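Engineer: Starting from these lines, generate the structure:
(one chain, ligands or ions: 1)
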Amino acid sequence: MPVHLNTAGAGLMPAAVVDAMTGCLRREAQGGAYETELWHADTLDKGVYENLARVLDAPAGDLALFDSATRAWTAAVTALSLSARDRIWITPYEYAGNLILWTELRRRTGVRIEVVPLLPGGDLDVDWMRNSIREDVAVVSVPHVPSGCGIVNPVEEIGRFLASWPCLYLVDACQSVGQLPVSVRDIGCDLLTGAGRKFLRGPRGTGFAYIGPRLRARARPPFHDLHVADMTSDTTYEVHTDGARRFEYAERSAAAVMGLDAALQHHLRRTESTVEPSGGTLRDLVRAAVEDLPGTRLVDPGTRHASLVTFVCDRAPAPRLRDELAARGVNVWVAQGSHTPLFMRREGIDHAVRVAPHYYNTPEDIAVFARELRAIVD
Ligand SMILES: Cc1ncc(COP(=O)(O)O)c(C=O)c1O
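Structural biologist: Residues are numbered from 1 along each chain as shown. The predicted structure follows:
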């Protein structure tokens, strides 16, 4: 088996996740998919939301499931009523998918998009934010950990001072849930989105959102699906929940949701029964291995770092390093500059190698990575 250092792409699923999914699929194949959904109704309609609520420290009724983090984000953001009077604050670390949506919303509504400045070392200038915030800032969007580098943004600190302002506070937690403690209550955000497949070790095709009451009260989803709405006459319909699930679509893969539930349980068993093991040591070993090499440069803004290390090497482009490491049994990935464009382009980076160990990796794995990388680069 390869040494898997690409959890920022997708983590390795534990056996319990694979069993939950294959068990569900087998039952669907033998006994019918709708019948299987009924059989698992407790988990699909209740248990998975309760487990996600424990993981995110959020009320279960404020949670919705989607088939990707981007779908979760767009479901909530496109439901907002924005106008040319509104200012949207984003950061240079905004994910490109979210940025495409902001760009489209600017085209449609005239909202102004402003980018929060960075301090010289790459941390967000939180003092600037605190001093510059005004009533016309309608939305503040911050990724907890970006896609292309390992900075951990101070989402709790930002949430504390935003609490006294009317703006909605959106946090993209795609790269942090499962590797860092994430508490919606401590962050104080109105939207928090993530994917099941990364540090939570769930299946592909799963995403989720905390959609808080303040955002829901201001949102007008363009559509409500049949799990939450009924036509009450030929020309009227009624939505029978005020909860976050009204942002979902009714149809979904029961096997994927069962897998997500198993991943959440697995995560809860690990984090509630042990002192959270930190990916920090492994991350520091990766950083040391990269720093030791001639011609490499860490892409390393900020003072707090997650288990996600990116670097460029002037001797070999990132796609080649990824492919050659794969041939030697080490999985890393390419962070495309265009996926975190405001930061990476400014740094002049088209591609970087992204190394993301998780708690299932060992120091020996990092030693293998270091040895093979050196053999390629030297
Ligand atoms: C920070 C960040 N946000 C959002 C996403 C989008 O997630 P998805 O591919 O599930 O839509 C990613 C994906 O890697 C990401 O790294």
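
Engineer: how many neighbours does whatever residue of the stretch 251-378 of the chain ends up closest to the ligand have?
Structural biologist: Nearest residue of the stretch 251-378 of the chain to the ligand, counting by C-beta to the nearest ligand atom: residue 339, 7.2 Å away. Yep, even glycine has a C-beta here, placed from its N, CA and C like the rest. By other C-beta atoms under 10 Å, the residues close to residue 339 number 16.

Engineer: swap in the one 4 residues further on?
Structural biologist: A count of nearby residues for residue 343, using other C-beta under 10 Å, gives 23.

Engineer: Which helix or strand contains it?
Structural biologist: Here residue 343, judged by DSSP states H and E, is contained in helix 341-344.

Engineer: Tell me the buried residues in that helix?
Structural biologist: 341, 343, 344 (16 or more other C-beta atoms under 10 Å).

Engineer: Now the next helix or strand after that helix - C-alpha only, PDB.
Structural biologist: The C-terminal neighbour of helix 341-344 among helices and strands, as given by DSSP H and E, is strand 351-355. Once non-C-alpha atoms are left out, strand 351-355 reads as follows in PDB (Å, rounded to 0.1, in the frame of the first residue of the first chain):
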ATOM      1  CA  HIS A 351       1.500  24.700  -8.900                       C
ATOM      2  CA  ALA A 352       2.900  23.500  -5.500                       C
ATOM      3  CA  VAL A 353       3.300  20.100  -4.000                       C
ATOM      4  CA  ARG A 354       0.700  19.600  -1.200                       C
ATOM      5  CA  VAL A 355       1.600  17.100   1.600                       C
END
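
Engineer: circling back to that earlier point, can you spell out which helices and strands pack onto the helix holding residue 343?
Structural biologist: helix 96-109 (3 or more C-beta pairs under 8 Å, 6 or more residues apart in numbering; DSSP states H and E).

Engineer: Which SSE is immediately downstream of the helix it packs on?
Structural biologist: Next in sequence after helix 96-109, counting helices and strands by DSSP H and E, comes strand 112-115.

Engineer: Could you check how far residue 332 is from residue 4?
Structural biologist: 9 Å (C-beta to C-beta, to the nearest Å).

Engineer: These two - which one has more neighbours?
Structural biologist: Of the pair residue 332 and residue 4, residue 332 is the one with more neighbours under other C-beta under 10 Å, namely 28 against 19.
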